[in-house]
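A.B. asks: coordinates only, sequence not included:
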C-alpha cells in the first residue's frame, strides 16, 4: 500500500555523513497554498521519523523520495499506515540478496 505516495529510492552511493537520506515532494500544481504543502510534508516526515529506526541496517545507505500524489490532504492515520506499508516493503527489498553482475 503506497497511496498517496509514489516512492523512489536508491541503495548504496556515497554521502558526506554516511547517513541515509529522505525527501518529500508535494506538487504546487495540486496544492496552491504553501501551508497545505508544508502540512503534508510535516505529516510525512513525522510518519517516517517514527519508523526510521527500522531502516537502520548495518552498512546499507539509501536515498528515498516520497512524492505526494493525492489531490486532498490525507489524515495522519492514513499517512502513518501508508508509511508502515512502505517501510515493510522497503525492508523486504533490502533483505533480498544483491544480483551478481558478470
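C.D. replies: Okay, I see it. Computed from a predicted structure; not experimentally measured. Residues are numbered from 1 along each chain as shown.
A.B. asks: any idea which element the residue nearest the centre of the chain lies in?
C.D. replies: Nearest to the mean C-alpha position of the chain, by C-alpha atoms, centre = their mean, lies residue 66 at 4.5 Å. Using DSSP states H and E, residue 66 sits in strand 62-68.
A.B. asks: picking up where we left off before, if the residue nearest to the centre of the chain is in a bridge, with which residues?
C.D. replies: Listed by DSSP bridges, the beta-bridge partners for residue 66 are residue 7, residue 24.
A.B. asks: if I pick it, what's in contact with it?
C.D. replies: Residues counted as contacts of residue 66 (C-beta atoms under 8 Å, 6 or more residues apart in numbering) are 5, 6, 7, 22, 23, 24, 25, 44, 48, 86. Just so you know, the C-beta spots here come from the backbone N, C-alpha and C atoms, and that holds for glycine as well.
A.B. asks: Where neighbours are concerned, which of those has the most?
C.D. replies: residue 44 (25 neighbours; other C-beta atoms under 10 Å).
A.B. asks: for that residue, what are its contacts?
C.D. replies: For residue 44, counting by C-beta under 8 Å, 6+ apart, the contacting residues are 5, 24, 66, 68, 79, 83.
A.B. asks: In CSV: these, plus pLDDT and distance to residue 90.
C.D. replies: Below are those laid out as CSV (pLDDT from 0 to 100; distance: C-beta to C-beta, whole Å):
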residue, pLDDT, distance to residue 90
5, 96, 12
24, 97, 15
66, 97, 11
68, 97, 17
79, 96, 16
83, 96, 10
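A.B. asks: Now the two most distant members of those.
C.D. replies: With C-beta to C-beta as the measure, no two of the contacts of residue 44 lie farther apart than 68 and 83, at 12.0 Å.
A.B. asks: For the lengthiest helix in the chain, name the packing helices and strands.
C.D. replies: When the chain is parsed with DSSP state H, its longest helix is helix 76-95. In terms of contacts (3 or more C-beta pairs under 8 Å, 6 or more residues apart in numbering; DSSP states H and E), helix 76-95 is packed against strand 5-11, helix 34-51, strand 62-68.
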